[in-house]
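In: only geometry, no sequence info:
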């Protein structure tokens, strides 16, 4: 663009337009940056608020005690155990089904009508609000199948909730495996399943694991489906089998936030910190697992 | 066991028939194709191909790009079945059995008719595991020592053993391009095929690696029937006994290599081999 | 050594392959089962509910008091609560999300993007119960300093916080849509002497219109279905109003409220959560379908 008259009020209309346009351009960028700073600021405020409210309350005592009517003595132990337990059972339920379904859709289904319908269905399910899954869990697992308000019912509900995400991310991981790998295997006289099991899956595993951890990270923070489909809100004991009643961290936090006394709010904030720590450790484990598998796959 | 520089390469015009002549019409063909048509969906890629490929020889498919030679190669081990929407009319008989009949076990067919691809595709595993894989899935592994023995044998057949015998458990992906391709050949040979299909096996390699592959092919034809697709006419002339020239999905001419390159019957063939069109 | 018919070991593996394929197929079919399950569970209880309450009263009544001795089952207050909070959330998320997307897609350097995108992803990954805490115990008090009349439970705090939560979704989907616009269009605009802003706002955004609209609709669907932020910070007083400073109750918060209580199965109160859930499902499902259809059309335009 040619260098024209300076930003002045000379008679040259073209010059004025150019100057005006440059001004609005810069102004726009400033506005956009402000927007991003607001988002950043919100995150910062959130973190600061939680940490300042809850860090004081966070202690080993807090982690290992049971809830109580006295805020200063209340602890988060049953909820912590409940969360870990539920996530493990959910993973056990969701992973085989999810990976199997993804393998079918990616390797066998092709473009058949049945496969396309299933795909469409899964995309829809991924966008259904989680509270609806809670209602499904209540009607199906808790009542109809008679599981009652148990870890199994809650985990089954969460498994259905994360299933679409597991399937979608597993499919991505499978799709990333180059076709030349499959061709090389077929050319040696391998069957489809041998090719999938011995060649495709090992290469896709890191990606599958990452997607799985993402799904489970979401599940750990889920509150509404479990409130509806199984958990109790005042648990004085940690669950010891898949048939026991249970509660989870987010629900315990919700319970404390809903109380009017300020002391319980501190508990809630500390509970949030525990939840965040749990989430971070899950992600760390995931990254470690994925790195281990990537190294193994290469040689 | 040949080494890199000891064997002189055959030259155009140098080809005399002091080899055992299985171009002798009394020897039955290994592969007998009768009026083959091939379709990608509605588009016809191969038209009315009939050809008889003799055993223990090297047959080259040449032709400009897009003429269908790779497609045809892939029909011989039914590799095109993997692509949806493909269709075949006509017959392909291998040892007198039509491989497109409904009872044919494609999986076993592919073991018997091996394939080496244009871009080498070693598995992301160790050198040893690359070869062991084919043996294991076909139930040919045997005991640990037997397996090791078979892996060694294949690597020797592919003239790769000396270079990798001390690093069998390192990743195959750490080898050079030429080595990777020879590994793919060893991998294919390990499962004891009778026919070896090679789709431009040296096109991604430098001249020295190419030379080694060509020598390898020359050695291998004593044991195997080899069909090689190449866009490099000099390579076809160096390496093959018979040559088939394809153009726009049709087989134009098929004869002994020296005849195709010195006195072809069809004008189209002559135009191609003299470089009048690409 | 010729190629003969299949031999014994191969036949067994053929049957094995067949079984494997069926097991995998049934796993895939389970997802259809989930959808059928949702529809069935909701329908059965809703039908039972509608046997006692007329659908007209349900959809048009203006008082929602199912737990009173004189129960009223007009769902409009809940719908109003949901709508109010969602509107506020969209007022935050849509313009900010779009601006963020334009900036990231058309202006930003790699360095900026490397900082901003993880931050946005973090925002999207915070558990909603944490946002609820933030809305009730930080945002509301802060707003009360400027608006002393603001009630402790209200619609504006959860609305704003929900907007921040949904912003990353809008931003990333809109950015995808804009990135799908071919470079040639931008270059044509620049070649005429247009600035970046003019090109972005007048060429790229209109070209990506259906993709951006799809993103917006998906954001609305997300806001409607959101539960915990409103359950914690909006209140439990169903009220047909558009005043954002008073407590309201959304459809989702109501479902949670009843589930926390001791409602026995088979009672009409129990059934109300399914009836409200059915309404919620139909609403979000409809929005999701429209969004998906728009996204498909956008992809066809620039395939």
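Out: Ah, there it is. Quantities reported herein were computed from a predicted structural model and do not represent experimental measurements. Numbering: from 1, shown residues only, chains lettered A, B, ... in the order given.

In: what about stretch A:261-269, near chain C?
Out: Yes. Residues of stretch A:261-269 are located near chain C by Cβ under 8 Å from any Cβ of the partner chain, namely A:265, A:268, A:269. Where C-beta positions appear, they are placed from N, C-alpha and C, glycine not excepted.

In: Extract the residue ranges of chain B that are flagged as low pLDDT.
Out: Within chain B, the stretches with pLDDT under 70 are B:1-25, B:278.

In: now residue C:100: how far from chain A?
Out: Remark: distance between residue C:100 and chain A (Cβ to the nearest Cβ, to the nearest Å) = 6 Å.

In: tell me which element the spatially closest residue to that residue that is not a sequence neighbour is part of?
Out: Leaving aside its chain neighbours, residue C:100 sits nearest to residue C:171 (4.3 Å; criterion: Cβ to Cβ, 6 or more residues apart in numbering or on different chains). Per DSSP states H and E, residue C:171 falls inside helix C:156-179.

In: buried set for the helix or strand just after that helix?
Out: Per DSSP H and E, the first helix or strand lying C-terminal to helix C:156-179 is helix C:183-191. Using 16 or more other Cβ atoms under 10 Å in any protein chain shown as the test for burial, helix C:183-191 gives C:186, C:189.

In: if we can go back for a sec, how about the residues of stretch A:261-269 next to chain C in JSON lines, adding pLDDT?
Out: JSON lines is the format used below for the residues of stretch A:261-269 next to chain C (pLDDT from 0 to 100):
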{"residue": "A:265", "pLDDT": "89"}
{"residue": "A:268", "pLDDT": "90"}
{"residue": "A:269", "pLDDT": "90"}
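
In: Out of the residues you listed, who's the most crowded?
Out: Tallying neighbours with other Cβ atoms under 10 Å in any protein chain shown puts residue A:268 at the head of those, with 27 neighbours.

In: shouldn't it be in contact with residue A:261?
Out: No. Applying Cβ atoms under 8 Å as the test, residue A:268 and residue A:261 come out as separate, 10.8 Å apart.

In: Assumed residue B:37 was part of a strand.
Out: Yes. Under DSSP: H, G, I helix; E, B strand; the rest coil, residue B:37 sits within a strand.

In: quick one: the residue nearest to residue C:166 when sequence neighbours are not counted and residue A:33, what's the gap?
Out: Among residues not flanking residue C:166 along the chain, residue C:93 sits closest, at 4.2 Å (Cβ to Cβ, 6+ apart). The gap separating residue C:93 from residue A:33 is 18 Å, by Cβ to Cβ, to the nearest Å.

In: Comparing those two, which residue is more hemmed in?
Out: More crowded of residue C:93 and residue A:33, by other Cβ under 10 Å: residue C:93, with 29 against 17.

In: chain center to the helix or strand harbouring that one, what's the gap?
Out: Using DSSP H and E, residue C:93 sits in helix C:76-102. Computed by Cα atoms, centre = their mean, to the nearest Å, the separation of helix C:76-102 from the middle of its chain amounts to 11 Å.

In: Which residue, other than its chain neighbours, is closest to whichever residue of chain B sits closest to chain A?
Out: At 3.0 Å from chain A, residue B:111 is the closest residue in chain B, using Cβ to the nearest Cβ. In this structure, residue B:111 finds its nearest non-sequential neighbour in residue A:189, 3.0 Å apart by Cβ to Cβ, 6+ apart.

In: Ramachandran angles for that neighbour?
Out: The phi/psi pair for residue A:189 (degrees, to the nearest 10) reads phi 90, psi 20.

In: In this structure it contacts residue B:113, no?
Out: No. The pair residue A:189 and residue B:113 fails to qualify as a contact (Cβ under 8 Å) at a distance of 9.1 Å.

In: which parts of the stretch 1-150 of chain B sit against chain C?
Out: Looking at chain C, the residues of the stretch 1-150 of chain B close enough under Cβ under 8 Å from any Cβ are B:94, B:95, B:96, B:97, B:99, B:103, B:105, B:107, B:108, B:109, B:112, B:139.

In: quick one, what contacts the nearest residue to residue B:221 once chain neighbours are set aside?
Out: In space, and not counting its chain neighbours, residue B:221 is closest to residue B:58: 5.0 Å by Cβ to Cβ, 6+ apart. Applying Cβ atoms under 8 Å, 6 or more residues apart in numbering or on different chains, we find residue B:58 in contact with B:217, B:218, B:221, B:226, B:227, B:228, B:239, B:240, B:241, B:242.

In: give me every residue that touches the residue of the stretch 151-299 of chain A found nearest chain B.
Out: Of all residues in the stretch 151-299 of chain A, residue A:189 sits closest to chain B, at 3.0 Å by Cβ to the nearest Cβ. Neighbour list for residue A:189: B:107, B:108, B:109, B:110, B:111, B:112, B:134, B:137, B:138, B:191 [criterion: Cβ under 8 Å, 6+ apart].

In: May I ask which helix or strand encompasses the second one?
Out: To tie it back to what came earlier, the one meant is residue B:108. Element membership of residue B:108 [criterion: DSSP H and E] is helix B:106-112.

In: Verify the contact between residue C:265 and residue A:144 for me.
Out: No. Counting by Cβ under 8 Å, residue C:265 sits too far from residue A:144 to count as a contact (10.7 Å).

In: What's the local residue count around residue C:223?
Out: When neighbours are defined as other Cβ under 10 Å, residue C:223 has 28 of them.

In: Just confirm it is within a helix.
Out: Yes. Assessed by three-state DSSP, residue C:223 belongs to a helix.

In: Look at it and report its pLDDT.
Out: We have a pLDDT of 95 for residue C:223.

In: What about the contacts of residue A:189, which one has the most neighbours?
Out: Neighbour counts for the contacts of residue A:189, by other Cβ under 10 Å, peak at residue B:134, which reaches 29 neighbours.

In: if you skip the residues just before and after it, what's nearest to that one?
Out: residue A:188 (4.0 Å).
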